[in-house]
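# quick one: sequence plus predicted model below, questions after.
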Amino acid sequence: MDFNDGLPKAKGWDIILVVVDRLSKYSHFLALKHPYTAKSVAEFFVKEIVRLHGFPTSIVSDRVFLSHFWNELFKMAGTKLKKSTAYHPQTDGQIEVVNRGLETYLRCFCSEHPKEWISWLPWAEYWYNTTYEKALDRSPLQVVYGCKPPTLLSYGERRTSNSSIDEQLKEPDVALDALREHLLLAQQQMKLYVDRKRRHVEFQVEELVLLKIRPYRQTTLRRKRNEKLSSRYFGPYKILERIGEVAYRLELPTDAAIHPVFHVSQLKKFVSQQKNVLPTLQNITEKFEWQSQPEEACDYRQDKSGKWEVLIAWKNLSDYEASWEDYDEINKRYPNLHLEDKVNLKGGSNVRPQIKLVYQIRNKL
């Protein structure tokens, strides 16, 4: 769940509480007014969500105050929050996708009259829940209720004697026409944008290619690595087999931990005379984490607090990626790495002496 804010105030409403079921992707879009508290949101959540679906087993949100909201919610339920239902503060990618979809719907319906979004919010929820989801192979409404959504019949040219009913029956037709028009335009724009970056590339078996694997991260002591300046490609590697239309199997080193089949977008033709492009795949785990091993202790120093640090050169990394690490931590984690003893370091010429602070008491006149 999350809040979609920054909307123009419409009849006092200026924020949307978005609630998404992670399994079925069924969503609710609920309008709220400022100011609101954790208790008022909890009561609103029970009134609009719990009465329809029951209490959730967990909630994922990036809002800090949800810990208080959680307490209020379970307090009203008469239960205690257990570890198995602990709140996870990380941002949920699914709710961000739903938020973008909601904004697209409202933009299609009321871009010319933004303050009328509150009138179109129920229709936005209906269209979202009845739209086919590729991941589910059906609509969210089908997952929840087990049947296809009812078809909305076009009002057409028929008329009623009641003008209010006549206008209300025309709204679905107007909304559907506007939605189809804007979605068609959006699809055309997205296709044009993607085609600009898309390239048709084919490789032959036995051909040498470079492999692009991003992102990966270095798992050293401080987990730091100059990503912007580091090598973007690995290889070159020989193509062993073409799989389907857009995938290739590469001849990777025997100790490489990653799967050898890659999409064509990750490959680049090798045209250089250079035999190797560092770094090598042996340092990348199946989780795409970079595991560097210390190669040499280059220098030593003391920080302002008196702690010793050692300048470590890492295997298969450039010299500029050498890093200062805690002496005791390096000695503990890599006992086979030769380090100079601290006692001998105290007399070294290349070591900065420990900073001494001298205080003088000024005489009062």
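Received the coordinates, thanks. Numbers count the residues shown, from 1 in each chain.

# how much space separates the closest residue to Val205 other than its chain neighbours from Glu202?
In this structure, Val205 finds its nearest non-sequential neighbour in Ile239, 5.4 Å apart by CB to CB, 6 or more residues apart in numbering. C-beta: built from backbone N, CA, C; applies to glycine. Using CB to CB, to the nearest Å, Ile239 is found at 11 Å from Glu202.

# higher neighbour count, these two?
Using other CB atoms under 10 Å as the criterion, Ile239 and Glu202 rank with Ile239 on top: 18 against 10.

# which non-adjacent residue is nearest Glu133?
Computed as CB to CB, 6+ apart, the closest residue to Glu133 that is not its neighbour in sequence is Lys25, at 5.8 Å.

# can you count the residues close to the one you found?
Lys25 has 20 nearby residues by other CB under 10 Å.

# same thing with the one 3 residues further on?
For His28, the tally of surrounding residues (other CB under 10 Å) stands at 19.

# and it, how far from Pro122?
10 Å.

# thought the residue nearest to Val205 was touching Arg249?
Yes: the pair Ile239 / Arg249 is scored as a contact, 7.3 Å apart, by CB atoms under 8 Å.

# any regions of the stretch 251-365 of the chain where pLDDT drops low?
For the stretch 251-365 of the chain, residues meeting the criterion pLDDT under 70 lie at 255, 257, 272-292, 316-318, 320-321, 340-365.

# again, 50 this time
When residues are selected by pLDDT under 50, those of the stretch 251-365 of the chain lie in 276-279, 287-288, 348-360, 364-365.

# how about the helices in it?
For the stretch 251-365 of the chain, helices defined by DSSP state H, counting those that start in this stretch occupy the ranges 327-333, 342-345.

# which helix or strand contains Leu17?
In the assignment (DSSP states H and E), Leu17 maps to strand 15-20.

# packing partners for the next helix or strand after that strand?
Later in the chain than strand 15-20, the nearest helix or strand by DSSP H and E is strand 27-32. Judged by 3 or more CB pairs under 8 Å, 6 or more residues apart in numbering; DSSP states H and E, strand 27-32 is in contact with strand 15-20, helix 38-45, helix 117-129.

# quick check, Val143 in a strand?
No: assigned with DSSP: H, G, I helix; E, B strand; the rest coil, Val143 falls outside any strand and is helix.

# just to check, it is in contact with Ser27?
No: contact criterion CB under 8 Å: Val143 and Ser27 do not qualify, at 11.8 Å.

# and these two? Which one has more around it.
Ser27 (21 against 17).

# wait, what's in contact with the nearest residue to the more buried one once chain neighbours are set aside?
Excluding its sequence neighbours, the residue lying closest to Ser27 (CB to CB, 6+ apart) is Val20, at 4.7 Å. Applying CB atoms under 8 Å, 6 or more residues apart in numbering to Val20 gives the contacts 1, 26-27, 92, 94-95, 98.

# buried ones among these?
Among those, those classed as buried by 16 or more other CB atoms under 10 Å are 1, 26-27, 92, 95, 98.

# go through those and say which is closest to Glu206.
Ranked by distance to Glu206 (CB to CB), these are led by Asp92 at 45.3 Å.

# low-confidence stretches in the stretch 1-150 of the chain?
Applying pLDDT under 50 to the stretch 1-150 of the chain flags residues 64, 79-80, 82-91.

# can you rerun that using 80?
Residues of the stretch 1-150 of the chain meeting the criterion pLDDT under 80: 37-39, 57-97, 104-105, 107-113, 134-136, 149-150.

# re the thing from before, phi, psi for the residue nearest to Glu133 please.
phi 70, psi 10 (degrees, to the nearest 10).

# and Pro236, by the same measure?
phi -80, psi 160.

# tell me the contacts of it?
Neighbours of Pro236 in contact, by CB under 8 Å, 6+ apart: 208-210, 270, 277.

# can you check Leu17 too?
Counted by CB under 8 Å, 6+ apart, Leu17 has contacts 1, 3, 28-32, 41, 44-45.

# in the chain, which spans are strands?
Secondary structure of the chain (DSSP state E): strands at 2-4, 15-20, 27-32, 208-212, 217-218, 233-243, 247-251, 261-263, 267-269, 289-290, 294-302, 308-314, 323-326.

# neighbouring contacts of the third one?
When contacts are defined by CB under 8 Å, 6+ apart, strand 27-32 is touched by residues 3, 13-21, 41, 44, 48-49, 98, 102, 118, 121, 124-125, 128-129, 140.

# report the buried members of these.
Buried among the contacts of strand 27-32 (16+ other CB under 10 Å): 3, 13-21, 41, 49, 98, 102, 118, 121, 124-125, 128-129, 140.

# neighbours of Glu43, just the number please.
Other residues close to Glu43 by other CB under 10 Å number 14.

# ditto for Gln204
Number of residues near Gln204 (other CB under 10 Å) recorded here: 8.

# spatially, what comes nearest to it if we skip its sequence neighbours?
In space, Gln204 is closest to Ile239, 7.0 Å off (CB to CB, 6+ apart).

# mind checking how far that neighbour is from His200?
17 Å.

# I'd like to know how many residues surround the residue nearest to Arg138 when sequence neighbours are not counted.
Among residues not flanking Arg138 along the chain, Tyr132 sits closest, at 6.8 Å (CB to CB, 6+ apart). For Tyr132, the neighbour count with other CB under 10 Å is 10.

# follow-up on the earlier one: narrow the contacts of Val20 to those in helices?
In helices, defined here by DSSP state H, the members of those are 94-95, 98.

# with respect to Ile59, which of those residues is nearest?
For those, the nearest to Ile59 is Ile95 (10.5 Å; CB to CB).
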